[in-house]
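> below are the sequence and a predicted model for it; my questions follow.
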Amino acid sequence: MASESTAKSEASIAGHLNETVLASADVEEFLHELARVSARSLSEPGDEVLCGVTLLRHRKAATVASSSPAAQAMDEIQYDFGDGPCMTASREQVTVHITDLEENERWPQYSDEVLGHGVRSILAIPFQLEGDTRAALNLYSHRPGRFEGRVLELAQDFVSQTSMALRLAVRFAHYSDAAANLKATLETRTVIDVAVGVIMAQNRCSQREAFELLKAASSTRNTKLRSVAAAIVDSLGQGPAKTHYEG
């Protein structure tokens, strides 16, 4: 019965996170909810587990989420040193389990700093994502050996269950960024085209000649082409040129 109850609980958590992907405004919001759910699921009365999520894109920390300010502080210590269990788990896609920081010989300065905050055990588990994106779930406890046995298995199962939701969130963020970039490109193209049209009308010249005049003005003023074009369009007194693109 306990196993069945646990399975239902894990399925419920995974379902909740999949719904959160659709409701979240961005990846950061989703990751914060993921960290809070993870901490609640693994904590016990009087024995709080701290949780952070490290997201690396192009091998640089892009987003950090946490279940609490204390968890945030633990992650930030690691970034200050430039390495640690969670960044290693993300980069190398391996589970890093430190049962007792007092006996850990790797990252000695980092370990001393975290021990100063009362943390004794750490578990960092990588998510299975796509492309160059890397992420890991970071768990901290004030008890040594906190993430052994069944707790370790549960944490690994939880990461496996939620990897799909995180893949969706990252994918949505990628599409959103692409749409925003496309919109910006189209808006820039629109204002330049309008400015070229104004120059053609004022100078009775061809489109190529008008564009060369625009480029020459940009070079002479040491100003971006779009800025010079926007100034020309604004001088008409009809407001900025707009594109009808909708992402």
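Thanks, I have it.
> ok, now how distant is the residue of the chain positioned farthest from its centre from Lys215?
In the chain, Arg204 marks the outermost C-alpha relative to the chain mean, sitting 50.6 Å out by CA atoms, centre = their mean. In this view, Arg204 and Lys215 are 19 Å apart by CB to CB, to the nearest Å. C-beta coordinates here come from the backbone N, C-alpha and C atoms, glycine included.
> Pro45 now?
Taking CB to CB, one finds Pro45 at 69 Å from Lys215.
> of the two, who's got more company?
Lys215 (12 against 5; other CB atoms under 10 Å).
> from what I see, the more buried one and Leu225 are in contact.
Yes: between Lys215 and Leu225 a contact is recorded at 6.6 Å, counting by CB atoms under 8 Å.
> identify the spatial nearest neighbour of Glu209, chain neighbours not counted.
Asn203 (7.5 Å; CB to CB, 6 or more residues apart in numbering).
> Asp100 too?
Per CB to CB, 6+ apart, closest to Asp100 is Pro144, 4.0 Å.
> any idea how many residues pack against the one you found?
Pro144 has 16 nearby residues by other CB under 10 Å.
> would it count as being in a strand?
No: checked against DSSP: H, G, I helix; E, B strand; the rest coil, Pro144 lies outside a strand; its state is coil.
> got the contact list for it?
The neighbours of Pro144, taking CB atoms under 8 Å, 6 or more residues apart in numbering as the test, are 99-102, 120-121.
> which of the residues you listed count as buried?
Buried by 16 or more other CB atoms under 10 Å: 99, 101, 120-121, out of those.
> in strands, which of those appear?
Counting by DSSP state E, the buried ones among the contacts of Pro144 place Ser121 in strands.
> so what pLDDT did Leu31 get?
If you check Leu31, the pLDDT there is 76.
> give the next helix or strand downstream of the helix or strand bottoming out on mean pLDDT in the chain.
Scoring the helices and strands of the chain by mean pLDDT, DSSP states H and E places helix 2-23 at the bottom, with a mean of 51. Note on helix 2-23: by DSSP states H and E, the next helix or strand toward the C-terminus is helix 27-42.
> what kind of secondary structure is Phe147 in?
Under three-state DSSP, Phe147 comes out as coil.
> pretty sure it is touching His97, no?
Yes: using CB under 8 Å, Phe147 is in contact with His97, at 6.3 Å.
> which residues are in contact with both of those two?
122-123.
> returning to what we had before: what's the local residue count around the residue nearest to Glu209?
11.
> now do the same contact list for it.
If you count contacts by CB under 8 Å, 6+ apart, then Asn203 has 209-210, 213 around it.
> what about Thr220, how many neighbours?
9.
> domain parsing for this structure?
2-175, 182-234 (automatic domain parsing).
> which of those is buried the deepest?
domain 2-175 (a mean of 18; mean count of other CB atoms under 10 Å).
> mind checking how far that domain is from the chain centre?
Mean-position distance between domain 2-175 and its chain equals 14 Å (CA atoms, centre = their mean, to the nearest Å).
> picking up where we left off before, what's the separation between the residue nearest to Glu209 and Arg167?
54 Å.
> go on, Arg221?
As judged by CB to CB, Arg221 and Arg167 stand 46 Å apart.
> as TSV, the contacts of Pro144 with pLDDT and distance to Phe81 would be great.
Shown next, in TSV, are these (pLDDT from 0 to 100; distance: CB to CB, whole Å):
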residue	pLDDT	distance to Phe81
Thr99	95	20
Asp100	95	19
Leu101	94	14
Glu102	93	18
Arg120	95	18
Ser121	96	18
